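Q: Build me a model:
(chains A, B, C and D)
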Protein chains: 2
Amino acid sequence: MARRADHSRDDLTEIALATATRIIETEGLQSLTTRKVAAEIGYSPGTIYNLFEDFDALISRVNIRTMQKFNASLGKVQLTGDAISDAKEILQVYLDFISMNPSLWASNITHGSREDIQQPAEFLQELDKAFQKVEAAIAPLFDADSKREAWISARVLWASLQGIVSMPANARIISEKSMTTKEMAENLVDKYLRGI
Amino acid sequence: MARRADHSRDDLTEIALATATRIIETEGLQSLTTRKVAAEIGYSPGTIYNLFEDFDALISRVNIRTMQKFNASLGKVQLTGDAISDAKEILQVYLDFISMNPSLWASNITHGSREDIQQPAEFLQELDKAFQKVEAAIAPLFDADSKREAWISARVLWASLQGIVSMPANARIISEKSMTTKEMAENLVDKYLRGI
DNA sequence: CTTATTATTGACCACTGTTCAGTAAATCCA
DNA sequence: TGGATTTACTGAACAGTGGTCAATAATAAG
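A: Next up, the predicted model:
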């Protein structure tokens, strides 16, 4: 068999992405393979490479969508001008999103933190959108002349939260005194913002 | 050829670990394979599985050693009782260690944060040692009745730092305004402790 | 001196990401 | 209409992965 054309190129890309997303959600990033995606959409492995540059590009495309979905959630947060309560509401949205999409978020962190691959511009742009929201929320804590400070703080907060949600739940370190991710995250945001 | 016994079992384990460490240091965790280690020490792949439970166990053993080396560095820090300056000295040791052992530390984070594998008890113990040092350093900031608070704060700080050093340097987000890992880490520790 | 144990091999398994010559369908052009 | 060209797709192949295990030979035990 050759050329079938029962789907347009864009349709097929869409179907492949949806399938990859489903596999990550249900079985984890580790279980995602080109062959699995190909088999599930009823095409050969080679076709995947006709749609995506390589395996990493496929993962990145899923991650971009995850960041887009997250930014959509963030968009619903209306800033009031009270930095502390605004930041805490953003944190709630963040934690809710992760608890609703644990595997997709893990994929985001795992793949998005790899230094040996170039992250696509689109992914970095979505990341930047999230940064800007945090920046806007905490802006009232800074003078007009310390814009750079606000810029840094938003990134420090983001990276720190990433570290906290990456801490494996099964590690005795956490379970011993039954400290939840939520408790840690709230502690961080509270203390860090208070320190500014 | 069979049974050679030109090395004792412990010797061979030692040689394999040293080789694995060298590969991670020079080529990164991604380049570490059983076959590569085997070839380099002049044995067959099967021998690696005679020395280690599996591939993950080999990595974990390297990570345990890395944590031991780090704890040795931490041991040199003499606490003065001034929480802020003690914490900052620990941070310097932490940053120095990472800059001296970037790949080994990356391996530690990558493999030590995986939720799909059981981290060996020895690794968690070494991690706990590090926590205790941080806990001891910041203890003066807490009343006697809020030991749990100190316990949490040490872990929050640790996880947050991990997030910061995991942020990929190549991401435009960091380089744009030339913010270094060191600057971010110091910002975190400063603001977080000030907030307590 | 035989027996049991142990260390080591190397072939093998099922899998991975990736490439590419070949093929057939769709499209274009005369 | 019909032949040439472009395009989508396959499936076999490649070099590699982690992992297993019967076979073997050297050592240790009785």
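Q: For the rest of this, base every contact and every neighbour count on C-alpha atoms.
A: Will do.
Q: got the domain boundaries for chain A?
A: By the assignment in automatic domain parsing, chain A contains the domains A:9-52, A:66-194.
Q: Highest average neighbour count across those domains: which stretch is it?
A: For these, the largest average neighbour count (mean count of other Cα atoms under 10 Å in any protein chain shown) is found in domain A:66-194, namely a mean of 18.
Q: Which residue ranges of chain A form helices?
A: Taking DSSP state H, the helices of chain A run over residues A:9-27, A:34-41, A:45-51, A:55-75, A:83-100, A:102-112, A:121-138, A:147-166, A:172-175, A:181-194.
Q: Let me see the residues that make contact with the fourth one.
A: Contact with helix A:55-75 is made by A:17, A:20-21, A:34, A:52, A:90, A:93-94, A:97, A:104-105, A:107-108, A:111-112, A:119-120, A:122-123, A:126-127, A:129-130, A:133, as judged by Cα atoms under 8 Å, 6 or more residues apart in numbering or on different chains.
Q: repeat that for 7 Å
A: A:17, A:21, A:34, A:52, A:90, A:93, A:97, A:104, A:108, A:122-123, A:126-127, A:130 (Cα atoms under 7 Å, 6 or more residues apart in numbering or on different chains).
Q: farthest-separated two in those?
A: Spanning the widest gap among the contacts of helix A:55-75 are A:T34 and A:I90, at 35.5 Å by Cα to Cα.
Q: if we can go back for a sec, is it possible to export the domains of chain A to a markdown table including distance to DNA strand D and mean pLDDT?
A: A markdown table is the format used below for the domains of chain A (distance: least, Cα to the nearest atom of the strand, whole Å; pLDDT from 0 to 100):
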| stretch | distance to DNA strand D | mean pLDDT |
| --- | --- | --- |
| domain A:9-52 | 4 | 96 |
| domain A:66-194 | 17 | 92 |
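Q: and the ones you listed as TSV, adding distance to B:A169?
A: TSV is the format used below for those (distance: least, Cα to Cα, whole Å):
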stretch	distance to B:A169
domain A:9-52	23
domain A:66-194	7
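Q: and of the ones you listed, who's closest to B:E25?
A: domain A:66-194 (14.4 Å).
Q: now do the same end-to-end measure for the closest one.
A: Domain A:66-194 stretches 31 Å from its first residue to its last (Cα to Cα, to the nearest Å).
Q: I'd like the helices of chain A laid out as JSON lines, including distance to B:Q78.
A: Output for these, formatted as JSON lines (distance: least, Cα to Cα, whole Å):
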{"stretch": "helix A:9-27", "distance to B:Q78": "46"}
{"stretch": "helix A:34-41", "distance to B:Q78": "53"}
{"stretch": "helix A:45-51", "distance to B:Q78": "57"}
{"stretch": "helix A:55-75", "distance to B:Q78": "44"}
{"stretch": "helix A:83-100", "distance to B:Q78": "36"}
{"stretch": "helix A:102-112", "distance to B:Q78": "36"}
{"stretch": "helix A:121-138", "distance to B:Q78": "36"}
{"stretch": "helix A:147-166", "distance to B:Q78": "27"}
{"stretch": "helix A:172-175", "distance to B:Q78": "25"}
{"stretch": "helix A:181-194", "distance to B:Q78": "26"}
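Q: Specify the stretch among these that is closest to B:L193.
A: Here helix A:181-194 is closest among the helices of chain A (Cα to Cα), at 7.4 Å.
Q: how far does the closest one sit from the chain's center?
A: 19 Å (Cα atoms, centre = their mean, to the nearest Å).
Q: Repeat that for stretch A:26-46.
A: 21 Å.
Q: From the rest of the structure, what touches that stretch?
A: Contacts to stretch A:26-46, defined as Cα under 7 Å, 6+ apart, come from residues A:16, A:19-20, A:23-24, A:48, A:55, A:103, A:107.
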